[in-house]
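[1] I would like to see how this sequence folds:
(one chain, ligands or ions: 1)
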Amino acid sequence: MKKKIFLFSVLLLFFMFFLFKSFYGKHYLREVASKNNFLIGASVSSSPFLKDEQYKITLKNEFNLLTIEDDMKFARIHPQRNTYNFLIPDLIVEFAEENEMKVRGHTLVWHATLPDWIKDKKYTKEELSSILKSHIQTVVSHYKGKVYTWDVVNEAYNDDGTLRDNIWLRTIGPEYIELAFQWAHEADPNALLFYNDYSNEGLNQKSDAIFEMLKSLKKRGVSIDGVGFQMHSSITYEKNYEVIKENIKRYKDIGLEVHITEMDVKIQHSNKSQKERLQQQAEMYSKTLKLCLSSSNCSSLVTWGVTDKYSWIPNFTGEEDSPLLFDEKYRAKPSYEAIYKLFQEN
Ligand code: G3I
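    Numbers count the residues shown, from 1 in each chain. The predicted structure is shown next:
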């Protein structure tokens, strides 16, 4: 009988030890990232932020940075000429402060998500310059000291390396880019200022044009701190990581940072099983993070969303997908495990 009690107690002790270990031995992603001085972020959409408690719990537990996905865009934050709408972004910024998360401001100058009062009226160069200056300085001043980095100009280039035709280029001229950085810097000299785009992580006509433009701004003393590679990706399109590394390196050589700013990995349109797709997705996240961790001028990776439940992809492609680190039930996916492991082993 005594032997049985002894055996039972030993088993119980083992069981309690493992239970304790699994509760307290587990760190969140942001903790292992922070140990690498790395910012791991997610973009935040206001509708789940306002109604889904689990969304906020996952966001604050797992990430040490957030980007506001839509609510700082021109049409949202400045819907009428004399009206700014800071309510929702303020709530999200406050949440970030309470949870010791950094905030990436997105975005000050873009061709999309513009209000009708900008799109539908014809302005002179002087009028539109003054509107843009006032927009940038009002928004940046409002978040002075609270937003650590801004995507100042977003997606200003075409794939062939020419400047995208948009209202800013047409009315103000190509100098709108430089002016935007100058105005943002005047409003918050301590904020980091980034140019952000897609399809600019590799080496191609577009990324070369962006590189040359940023190099020239930097050379002329304009306040610019880095470039954002959005990296919206798909498992059906394998990236050339060696080339991306080369691109990150050339930015290092001119003193600029690189942040991965909007990463997600689509798994639709593949003939593989779901398990294989998720594994392939995990490899892409992991290879991207690895690149960043091995480059001294890359210290942040942001996923474009918190959970598959609210990703922009199904709305955009019209097809189901699961491009992020957490599934629809907030369970960590192989992609999460892969980048977690990388942080732990680095
Ligand atoms: O919130 C409204 C809702 O009230 C309304 O009923 C519904 C009807 O259409 O629209 C909702 O807003 C939509 C919003 O996404 C939130 O879901 C907008 O119409 C829609 O235009 C908006 O799309 C955003 C898109 O940028 C355009 O601004 C996506 O969320 C956002 O993920 C996407 O993000 C961009 C980055 O800013 C720049 N890089 C590419 C990236 C993906 O396109």
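
[2] The residue of the chain found nearest the ligand: neighbour count?
    Per CB to the nearest ligand atom, residue 312 is where the chain lies closest to the ligand, at 3.5 Å. C-beta here means a position set from N, CA and C on the backbone, and glycine is covered the same way. For residue 312, the neighbour count with other CB atoms under 10 Å is 18.

[3] check contacts around the residue lying closest to residue 160 once chain neighbours are set aside.
    In space, residue 160 comes closest to residue 205 once its chain neighbours are excluded; the distance is 5.3 Å by CB to CB, 6 or more residues apart in numbering. Residue 205 is in contact with 159-161, counting by CB atoms under 8 Å, 6 or more residues apart in numbering.

[4] can you tell if the longest strand along the chain touches the ligand?
    Longest strand of the chain, by residue count under DSSP state E: strand 257-266. Yes. Strand 257-266 reaches the ligand (CB under 6 Å from any ligand atom) through residue 262.

[5] which residues touch the helix or strand following that strand?
    Later in the chain than strand 257-266, the nearest helix or strand by DSSP states H and E is helix 274-293. Residues outside helix 274-293 that contact it (CB under 8 Å, 6+ apart): 36, 38, 231, 233, 235, 238-239, 241, 244-245, 248, 258, 260, 263, 265, 267, 270, 272, 298-301, 322-323, 325, 333-335, 337-339, 341-343, 346.

[6] ok, now stretch 125-141?
    Where contact means CB under 8 Å, 6+ apart, the residues beyond stretch 125-141 that reach it are 72, 74, 77-78, 81, 84, 105, 108-109, 118, 123, 147, 150, 152, 167-168, 171-173, 176, 179-180, 183-184, 186-188, 191.

[7] What subset of those residues is buried?
    Using 16 or more other CB atoms under 10 Å as the burial test, the contacts of stretch 125-141 include 72, 74, 77-78, 105, 108-109, 118, 147, 150, 152, 167-168, 171-172, 176, 179-180, 183-184, 187-188, 191 as buried.

[8] how about the residues of the stretch 101-250 of the chain near the ligand?
    By CB under 6 Å from any ligand atom, the part of the stretch 101-250 of the chain that sits against the ligand consists of 112-113, 154, 230.

[9] Please check the residues you listed and keep the buried ones.
    For these, a burial check counting by 16+ other CB under 10 Å picks out 154, 230.

[10] Quick check: which ranges of this structure have low pLDDT?
    1, 16-25 (pLDDT under 70).

[11] and residue 5, which of the three is it?
    Secondary structure for residue 5, judged by DSSP: H, G, I helix; E, B strand; the rest coil, is helix.
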